[in-house]
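Asker: Task: produce atomic coordinates for the following.
(chains A and B)
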Amino acid sequence: MPGLRASPPAFLLLLALAFPRGSLAVQELEPGSRSAAAAARVALLYRNFQAGSLGGLRALGQVRKATLKNIPESGHKYYLQFSTEDYRTGEDAGNCLATVLFPKKKSRPVVSIKCSHTKDQKEIQEEDNRFYQRIRHQSKPITANNIPDSYGNIEPALEPVWALAVAGSSSIMWEKSTETLGYFLAQVKSVRQWLRKDDFIEFDYTVLLHEIPTQEIISCHMRLTWLP
Amino acid sequence: METLLVFLALLGVTSTEQLFVGDQVLRVTARNEEHITLLRVLGEQEELQVDFWRHPNSLGHPVDLRVPFPSLQGVKKFLDSHNFSYSIMIEDVQELLDEEKESMRRSRRVKRSSRMFDFTSYHTIDEIYEWMDVLVEDHASLVSKVQIGQSYEQRPLLVLKFSTGGSNRPAIWLDTGIHAREWITQATGVWTANKIAKEYGQDPSVTAILDSMDIFLEIVTNPDGFAFTHSSNRLWRKTRSINAGSRCVGVDPNRNWDAGFGGAGSSSNPCSETYHGPHAHSEKEVRAIVDFIRAHGNFKSVISIHSYSQMLLFPYGYRRAPTPDHQEMNELAKKAVSDLAAVFGTKYTYGSIANTICTRCCASSPRAMRSCRRCRSCRTWSICRYWVWRWILGTTPSPRPSLYTPQAKQGWGWMWDHGNQAVKSKTGWCWGVHPWQDLTPSVHFSPSSWISGWLPGGSDFPWTSACPSAACRRSKSTWRPARSPIPS
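Answerer: Numbering: from 1, shown residues only, chains lettered A, B, ... in the order given. Take a look at the predicted model:
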């Protein structure tokens, strides 16, 4: 019956009215997009810090899938699927699923992240122990400046100290990150070890963070203790 | 007597360098846990001053220790008495150090030949300028050096000109080192210059380019800043010009161009890393380039090379910089030069370059676009990309630019490839194209590095005809940053 048949344009018009553009809550992002990569990095900062492991530090590989959801009154939430690499060697370290919520009110991003791993957990633990032993068996408290140096070099003896800086500064960078401000660790300006009677190792760091897109170099003081 | 004491004191002060004469490095194999413990105990004997190069951590791994000469006999006795097996890795540490010093001295002396220049390490401005002279000497028929001005601190601004002749041929501009701390870019500039000089006559695309076009390459675009990164602050970015009324020094040269000057992504605060300066082209380093390009009048492309966030590009472990990132950068630079040839040589007709790429202004017709010379520059890669393809390939514009058509990808193939590759790249190299109006590389307010390229219109610099004001005003009012995130 002709009366029941809705003409295509009218139907489309109805659809258009039903979903006004502005309230499209969910948006698929290009995996290559800058914002997806930035959100993925925030998720990894959180994980690197939470894991508290030096052997298990990861860097972003590639974003495979990314979705952005605008949650009114709450903020922007990213749903991400990405691959990761071992921070040190660049080898494939497994994939992660993460959500990152950048709250509307200025507070730190809320991250949930779950990752698969290619490295045996035992192996990672052993690596951490090795790092730990290397630091513990110094006869004098470690002090150093400019890691890496201007030429990008890191002395092998100071590798664990650098790794610790990466893990520790991840927490600072995670907390400071917003949807538009991102951070990278540029350099450890100075580091000084505090010897402890117990098993923990303790360091005082001055780290330089590179803030993007403002390009500013931000100096942070960081005091951390670690036990693998 | 007093003079003798003073002399001795001076001697004491000057010879603070530690010497390792007669010290040896021993490689010890620990065969059981007891051995490990014994070695640790050995290390803890302060008076022996044993220095582990490889610590006694676990069985099966060799332990390397440097033993100072006075302790040698004692340590060897200790090792023998406990049935350690060991070998002498280094007979005399000081000898080795002296040799290394001598070879460094030698390599510095031999630097005069461009062939001996170490392209895998970072250099000072003097070393780079010296090397440029050598390059010109070695390839006199192809390369010449042009001074386009002076920096704020009166350092020469030097450009290498690669030309096989002709008179005022269409030209390509490349600059590196506009941001002082991005050392990888100056290093890449050096590498690229060397590559171009070497490959002319060998590589078909480089040869094709140079047979019909000139290449101008400014390696140290911000010499004052660069010198400052060596002498004082490795992370300095801007120029070193004094800002009136402020204690903060320097202007971000890449916010000083006259395109969208003072817009988003730049700061009006002299203390900011992205301070745009008191006015466009206020910086002598920037002004020199603008004047040079305008005076030349026949530039077809301008490419500015930057590096991503990891300015120090440190490898995780100990390695001589610049390492893999540098390699990748060099590969991209090489491909850039050769692919430019493909684009400009085959798909491009000189002289009929449509004027640039407006943003959404003057969008609808080629004529409108041609006459819209003063339209503000693109801010988003995608839009610019569209126009570049459209213009180069001559395809008709669609109402919603399709950025990923096969033809589009093909036409600007390498940019596309590298754009995507860069995003994936673990080194963080990011490439993009920002064709711009006027003489300006992109004002980028994104962290990605860009090949900011643009294709200035025709040969009638400076442009005088204004955009039909109605068109621009209208388009300005309708311009809005794209709503969806633009792929970088």
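Asker: How many residues are close by A:E126?
Answerer: 14 (other CB atoms under 10 Å in any protein chain shown). In this view, the C-beta of every residue, glycine as well, is placed from N, C-alpha and C.
Asker: Please name every helix or strand in contact with the strand or helix carrying it.
Answerer: Assigned by DSSP states H and E, A:E126 falls within helix A:121-136. The contact analysis (3 or more CB pairs under 8 Å, 6 or more residues apart in numbering or on different chains; DSSP states H and E) places helix A:121-136 against helix A:159-176, strand A:201-212.
Asker: So which bits of the last one are buried?
Answerer: Okay, so that is strand A:201-212. A:201, A:203, A:205-212 (16 or more other CB atoms under 10 Å in any protein chain shown).
Asker: Leaving out sequence neighbours, find the closest residue to residue 226.
Answerer: As the question left the chain open, I've gone with chain A. For A:W226, the nearest residue in space outside its immediate sequence neighbours is A:I201; the separation is 5.4 Å by CB to CB, 6 or more residues apart in numbering or on different chains.
Asker: wait, I meant chain B there
Answerer: With CB to CB, 6+ apart, the residue lying closest to B:F226 is B:A180, at 4.8 Å.
Asker: Local confidence estimate at that neighbour?
Answerer: The score at B:A180 is 95. That number is its pLDDT.
Asker: what does the one 10 residues further on give?
Answerer: In this model, B:V190 is scored at 93, pLDDT.
Asker: Run through the strands of chain A in chain order.
Answerer: Shown for chain A, the strands assigned by DSSP state E span residues A:26-29, A:58-71, A:75-86, A:92-103, A:110-115, A:143-147, A:182-194, A:201-212, A:217-226.
Asker: Can I get those strands in TSV including mean pLDDT and distance to B:I242?
Answerer: Shown next, in TSV, are the strands of chain A (pLDDT from 0 to 100; distance: least, CB to CB, whole Å):
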stretch	mean pLDDT	distance to B:I242
strand A:26-29	92	44
strand A:58-71	95	40
strand A:75-86	96	42
strand A:92-103	96	39
strand A:110-115	97	44
strand A:143-147	95	28
strand A:182-194	93	26
strand A:201-212	91	25
strand A:217-226	90	20
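Asker: I'd like those as JSON lines, with distance to B:N243 appended.
Answerer: Below are the strands of chain A laid out as JSON lines (distance: least, CB to CB, whole Å):
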{"stretch": "strand A:26-29", "distance to B:N243": "40"}
{"stretch": "strand A:58-71", "distance to B:N243": "37"}
{"stretch": "strand A:75-86", "distance to B:N243": "37"}
{"stretch": "strand A:92-103", "distance to B:N243": "34"}
{"stretch": "strand A:110-115", "distance to B:N243": "40"}
{"stretch": "strand A:143-147", "distance to B:N243": "28"}
{"stretch": "strand A:182-194", "distance to B:N243": "24"}
{"stretch": "strand A:201-212", "distance to B:N243": "21"}
{"stretch": "strand A:217-226", "distance to B:N243": "18"}
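Asker: Report the separation between B:L48 and chain A.
Answerer: 11 Å (CB to the nearest CB, to the nearest Å).
Asker: my read: that residue touches B:V75, true?
Answerer: Yes: the criterion here is CB atoms under 8 Å, and B:L48 meets it with B:V75 at 6.6 Å.
Asker: shared neighbours, those two?
Answerer: Both B:L48 and B:V75 are contacted by B:42, B:67, under the criterion CB atoms under 8 Å, 6 or more residues apart in numbering or on different chains.
Asker: before we move on, the earlier item: turn the helices and strands packed on helix A:121-136 into a markdown table, columns for distance to B:Y200.
Answerer: Listed next are the helices and strands packed on helix A:121-136 as a markdown table, based on distance: least, CB to CB, whole Å:
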| stretch | distance to B:Y200 |
| --- | --- |
| helix A:159-176 | 43 |
| strand A:201-212 | 38 |
